[in-house]
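# no sequence on this one, just coordinates:
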């Protein structure tokens, strides 16, 4: 088996030196996600300002794939608008479902294309998606909160 | 096999799966029998033979096939009874050990308040910290539903049950003690006799989760003096979809059903029903007949090999693996380090490498292990680990498998540079 296609150097680097790890304030939303099949856990703080991902910080325990993927995700999505971030997320989800048939679009996914090999290992796809799904959840909740706040202000 | 020398290499040829290779031609080193065992050809043949020649719904039709199917199914029940040294009517077929344990918990929960099985606020249910979720959650939820109190034995840092406070854990208020015979994570075999004695002294019933013991060493329910026992067929060389609940006939006879429906009744009107005698009272619907017949073939295979030989072989492998694994720097065995009261399961952590990654690298060498929390999340927290890598042995494993595992762990460390 081609173990190296799974554990790219970039992944091992992110695993050993994760970016944006350690929860920081301020935040718009905090979410906690677990992968019940393996026990991996992540807490993610998201700061949204004017529909832009101003900051992502996270903490958690997990395997090299989940830790590296969360590190890559946070670095990639900070600074993007919500629609841009969601389109990157869709692209990454599609890559994970590609069963090894896609190399991923490097212009959009940058370092995340290193995770393309994960798509050949069905048991590891959830690991790679853990941080991304936490972001999606936090962003969705953050936006609906923002929307209701806005509506509240208008009504007030 | 009975009178010949025990030869695991020769025995492997009875298991078709060992003919295949994995991951680029690697030999299959299957060290996950604690999760499910591989199947000998005789089990596969028994299932196929049932479907090809005798298939009909049991205990119903009046034609030849129905008679044969019933005979095959009920003879499987007798085989299970013989294997456990219990009685025919004390063996209930379920779909899994999980269902067996839920059957008990729900049957107790369905009892009339006058029944000895009924639980009320103030009553106690005792488990332990080493329980698999299957023998924790049914009792935890039963306690919640009835307002009774769940308490438990702690596990020591060495991975043994702490019985120092047994008189405070099992009290005169305790109605049920539900406990695992051997930890699926640590390999620890519990001091059952002491627990049974205390439980019976206070009038409590003992439920034994024997999923990790029945497949691996000889069990005699009468000698153990327990009240109920659950195990799953698929961990004992049998098919999936078949589990067993054994219970003392005088207890089962007084219990309420769990699942209701066809074939578990004595008489039915539009507004009421009465129950069939045991064991059928607890077997609603057409049962997993071919799987019961497959389990019978599995138990025959184990009996022909000899359970004592199965157990001794696993102890040899475990002892050899334990000493080699504990010599590797950066690797920590989670569970007892000595062989006393210990079965063929070894959990370990590799410093700096998550269990999921350990398992992935081992898989690239064809080594199948379990990684994660092993459905024993409270135990993981207590042992202060996020998860472990677990190797579990069975009769078809060899010293070559142990060598592959030990070499594999060193390769994991090399790959991750730890």
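Arrived safely. Every value quoted in this text rests on a predicted model; they were computed, and no experiment measured them.

# how close does the residue nearest to residue B:94 when sequence neighbours are not counted sit to residue A:108?
With sequence-adjacent residues excluded and distances taken as CB to CB, 6 or more residues apart in numbering or on different chains, residue B:94 is closest to residue B:243, at 4.3 Å. Using the backbone N, CA and C atoms, a C-beta is placed for each residue, glycine as well. Here residue B:243 is placed at a distance of 49 Å from residue A:108 (CB to CB, to the nearest Å).

# again with residue B:9
53 Å.

# So between these two, which is more surrounded?
Neighbour count, other CB atoms under 10 Å in any protein chain shown: between residue B:9 and residue A:108, residue A:108 has more, with 16 against 11.

# what's the more buried one in contact with, if anything?
Shown in contact with residue A:108 (CB atoms under 8 Å, 6 or more residues apart in numbering or on different chains): A:87-88, A:91.

# again, 7 Å this time
Shown in contact with residue A:108 (CB atoms under 7 Å, 6 or more residues apart in numbering or on different chains): A:88, A:91.

# Now stretch B:188-196: buried residues?
Judged by neighbour count (16 or more other CB atoms under 10 Å in any protein chain shown), stretch B:188-196 contains these buried residues: B:188-190, B:192, B:195-196.

# What are the contacting residues of that stretch?
With CB under 7 Å, 6+ apart as the criterion, stretch B:188-196 contacts B:130, B:159-161, B:163, B:166, B:177, B:179-182, B:206, B:224-226, B:335-336, B:341-343.

# And the pLDDT for the residue nearest to residue B:94?
Turning to residue B:243, the model gives it a pLDDT of 98.

# Give me the mean pLDDT for the one helix or strand residue B:195 maps to.
Under the criterion of DSSP states H and E, residue B:195 resides in helix B:192-201. When pLDDT is averaged over helix B:192-201, the result is 98.

# so how far is the helix or strand following it from its chain's centroid?
Downstream of helix B:192-201, the next assigned helix or strand under DSSP H and E is strand B:205-209. Strand B:205-209 sits 13 Å away from the centroid of its parent chain (CA atoms, centre = their mean, to the nearest Å).

# With stretch B:191-210 instead?
Put simply, stretch B:191-210 sits 18 Å off its chain's centre (CA atoms, centre = their mean).

# how close does the residue nearest the centre of chain B sit to residue B:345?
Centroid-nearest residue in chain B, with CA atoms, centre = their mean: residue B:211, separated by 1.0 Å. Note on residue B:211: its distance to residue B:345, by CB to CB, is 12 Å.

# in the chain, what spans have low per-residue confidence?
Because you didn't say which chain, this covers chain A. Confidence mapping of chain A against pLDDT under 70 gives the ranges A:1, A:146-147, A:149-156.

# Switch to chain B, please.
Low-confidence regions of chain B, defined by pLDDT under 70, span residues B:1-4.

# Can stretch B:319-335 be said to contact chain A?
No - judged by CB under 7 Å from any CB of the partner chain, stretch B:319-335 stays clear of chain A, getting no closer than 13.9 Å.

# List the contacts of that stretch.
With CB under 7 Å, 6+ apart as the criterion, stretch B:319-335 contacts B:159, B:186-188, B:337, B:339, B:346-351, B:383, B:385, B:388, B:391, B:399, B:402, B:405-406, B:409-410, B:413, B:418.

# rewinding a little: next, the contact list for the residue nearest to residue B:94, please.
B:94-97, B:99-100, B:230-233.

# try it again with 10 Å
Each residue near residue B:243 by CB atoms under 10 Å, 6 or more residues apart in numbering or on different chains is listed here: B:92-101, B:103, B:211, B:230-235, B:288, B:291, B:295.

# Show me those residues that map onto helices.
Secondary structure assignment by DSSP state H places B:97-101, B:103, B:291, B:295 of the contacts of residue B:243 in helices.

# so can I have JSON lines of the residues you listed showing distance to residue A:16?
Shown next, in JSON lines, are the ones in helices among the contacts of residue B:243 (distance: CB to CB, whole Å):
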{"residue": "B:97", "distance to residue A:16": "41"}
{"residue": "B:98", "distance to residue A:16": "40"}
{"residue": "B:99", "distance to residue A:16": "45"}
{"residue": "B:100", "distance to residue A:16": "46"}
{"residue": "B:101", "distance to residue A:16": "43"}
{"residue": "B:103", "distance to residue A:16": "49"}
{"residue": "B:291", "distance to residue A:16": "48"}
{"residue": "B:295", "distance to residue A:16": "48"}
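
# Give me the ChimeraX select line for those, limited to the buried ones.
Command for ChimeraX, covering only those of the ones in helices among the contacts of residue B:243 found buried under the criterion 16+ other CB under 10 Å:
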select /B:97,98,99,100,101,103,291,295
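
# In CSV: the ones in helices among the contacts of residue B:243, plus distance to chain A.
CSV is the format used below for those (distance: CB to the nearest CB, whole Å):
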residue, distance to chain A
B:97, 20
B:98, 16
B:99, 21
B:100, 23
B:101, 20
B:103, 25
B:291, 26
B:295, 27
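
# Out of the ones in helices among the contacts of residue B:243, which is nearest to residue B:24?
Nearest to residue B:24, judged by CB to CB, of the ones in helices among the contacts of residue B:243 is residue B:291 at 33.9 Å.

# what's near enough to touch the closest one?
By CB under 10 Å, 6+ apart, residue B:291 lies in contact with B:43, B:46-47, B:50, B:73, B:76, B:93, B:95, B:233-234, B:238-243.

# cool, and residue B:82?
B:88, B:91, B:299, B:303.

# out of everything not next to it in sequence, what's closest to the residue nearest the centre of chain A?
Closest to where the C-alpha atoms of chain A average out (CA atoms, centre = their mean) is residue A:132, at 2.7 Å. Nearest non-adjacent residue to residue A:132, counting by CB to CB, 6+ apart: residue A:73, 5.3 Å away.

# so what secondary structure elements neighbour the helix or strand hosting the one you found?
Assigned by DSSP H and E, residue A:73 belongs to helix A:64-77. Applying 3 or more CB pairs under 10 Å, 6 or more residues apart in numbering or on different chains; DSSP states H and E, we find helix A:64-77 packed against helix A:9-16, strand A:40-49, strand A:52-61, helix A:82-96, helix A:106-109, helix A:122-155, helix B:355-364.

# cutoff 8 Å now
Applying 3 or more CB pairs under 8 Å, 6 or more residues apart in numbering or on different chains; DSSP states H and E, we find helix A:64-77 packed against helix A:9-16, strand A:40-49, strand A:52-61, helix A:82-96, helix A:122-155, helix B:355-364.
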